[in-house]
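Undergrad: Build me a model:
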Amino acid sequence: MNDSPWATEPVPAGPAYDALVGPHTRPMPIVPDAAGRDFDDREARDRGAAADGGPPVRAEMPPQEPMPSPPPPPSQAPHSDSPPPPPKKRAGRDLRAAIGVGVGLGAVIAASLFIVKAVFVGVIVVAVVVGLWELTSRLQEKKGIKAPLVPLAIGGAAMVIAGYVRGAEGAWVAMALTALAVLVWRMTEPPEDYLKDVTAGVFAAFYVPFLATFVAMLLTADDGPQRVITFLLLTVVSDTGAYAVGWRFGKTKLAPRISPGKTREGLFGAVAFAMAAGALCMEFLIDGGAWWQGLLLGLAVAVSATLGDLGESMIKRDLGIKDMGTLLPGHGGIMDRLDSLLPTAPVVWLLLAAFVGTG
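TA: Coordinates of the predicted model:
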């Protein structure tokens, strides 16, 4: 006899057993459950019920202990009641490089303004030629538009010099001759896309050198350096105020389809900063100026600088680019710095001429 608790008990054979379970049925081993009870009692009941013609009774399985659930992954961990911290705002550019380049450009401009005026005219010419090169290069790369650079660069330099020497009349004459040179120069190539190329060339001549000519015209006055400093300072202060206030408080988009980063709050900051700076500049820098004139001048500069920035953003969106160039670290290209300056120059020249004259 096997003394093991897992052994099978002997079952008496005979007619009664055969009638009950059948002659070919072997006895099942007795398996104790978790409580020590044997399963053979329940199996016997099932077989007995089936033999008597009743429905078999389903044997109950021993209770299974639930499997421990695996810990949730970190991404599905239960969240705390405290909301996640808001994402930090980023400036979007290398501010150290941008500030360094800005200080360097400011030093060059200041030195050229107050030493020899003609040197500053040369600075304007260089900026115009580089800006034209950036603009025409991006037009050809992204749109296949071949605006002729050679007549544009020569005509643009002549435009700035003519504006400094002969004033507005000289600037208009140089602009007309530059447009004519673009038309003739493009005739040396096949006629396909002629209209598109010359239209882009005339636009580039007006947009970059002609508007920059008003900066040279500001310089011709007796207090010309102070007028140029006022023009540059108000434009920079306007951009800085828009950036600072918009970055900190901006919520309402100004023109989301053109420039998603600009907000109405930033525009209010530009207006406030520019008006305050304008009042100070007209009171202390411009001969015969008054503080209230500076308020109007600052308001006009903030509007024109914002429109100029949006205008170039429109051009860059059409071209599918972020910056016009990479010449200035932290700023992009020359055209990315001239965007708000170019349309502001004629506005400042006109208002100063109205307030204190052109002499």
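
Undergrad: Show me what the longest strand seen in the chain pairs with in its sheet, parallel or antiparallel.
TA: Determined from DSSP state E, the single longest strand within the chain is strand 259-263. Paired neighbours of strand 259-263 in the sheet (DSSP bridges): strand 253-255 (antiparallel).

Undergrad: what pLDDT, on average, does the strand it pairs with get?
TA: When pLDDT is averaged along strand 253-255, the result is 93.

Undergrad: Could you do stretch 260-274 as well?
TA: The average pLDDT for stretch 260-274 rounds to 95.

Undergrad: Show me the contact partners of it.
TA: Contacts to stretch 260-274, defined as CB atoms under 8 Å, 6 or more residues apart in numbering, come from residues 92, 234, 237-247, 249-255, 298-299, 301-303, 305-306, 309-310. For glycine as for every other residue, the C-beta is placed from the backbone atoms N, C-alpha and C.

Undergrad: Please save the CA atoms from that stretch in PDB.
TA: Provided in PDB are the C-alpha atoms of stretch 260-274 (Å, rounded to 0.1, in the frame of the first residue of the first chain):
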ATOM      1  CA  PRO A 260       2.000  84.100 -35.600                       C
ATOM      2  CA  GLY A 261       4.500  85.400 -33.100                       C
ATOM      3  CA  LYS A 262       3.200  89.000 -33.100                       C
ATOM      4  CA  THR A 263       0.500  90.000 -30.700                       C
ATOM      5  CA  ARG A 264      -1.700  93.000 -30.100                       C
ATOM      6  CA  GLU A 265      -0.200  93.400 -26.600                       C
ATOM      7  CA  GLY A 266       3.200  93.600 -28.300                       C
ATOM      8  CA  LEU A 267       2.000  96.300 -30.600                       C
ATOM      9  CA  PHE A 268       0.800  98.300 -27.600                       C
ATOM     10  CA  GLY A 269       4.200  97.900 -26.100                       C
ATOM     11  CA  ALA A 270       5.900  99.100 -29.300                       C
ATOM     12  CA  VAL A 271       3.700 102.200 -29.300                       C
ATOM     13  CA  ALA A 272       4.300 103.000 -25.600                       C
ATOM     14  CA  PHE A 273       8.100 102.600 -25.800                       C
ATOM     15  CA  ALA A 274       8.400 104.500 -29.100                       C
END
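
Undergrad: buried sites along that stretch?
TA: 262-263, 265-274 (16 or more other CB atoms under 10 Å).

Undergrad: what sits against the residue lying closest to residue 228 once chain neighbours are set aside?
TA: Leaving aside its sequence neighbours, residue 228 sits nearest to residue 218 (CB to CB, 6 or more residues apart in numbering; 5.2 Å). Residues near residue 218 by CB under 8 Å, 6+ apart: 224, 227-228, 231, 345, 348-349, 352.
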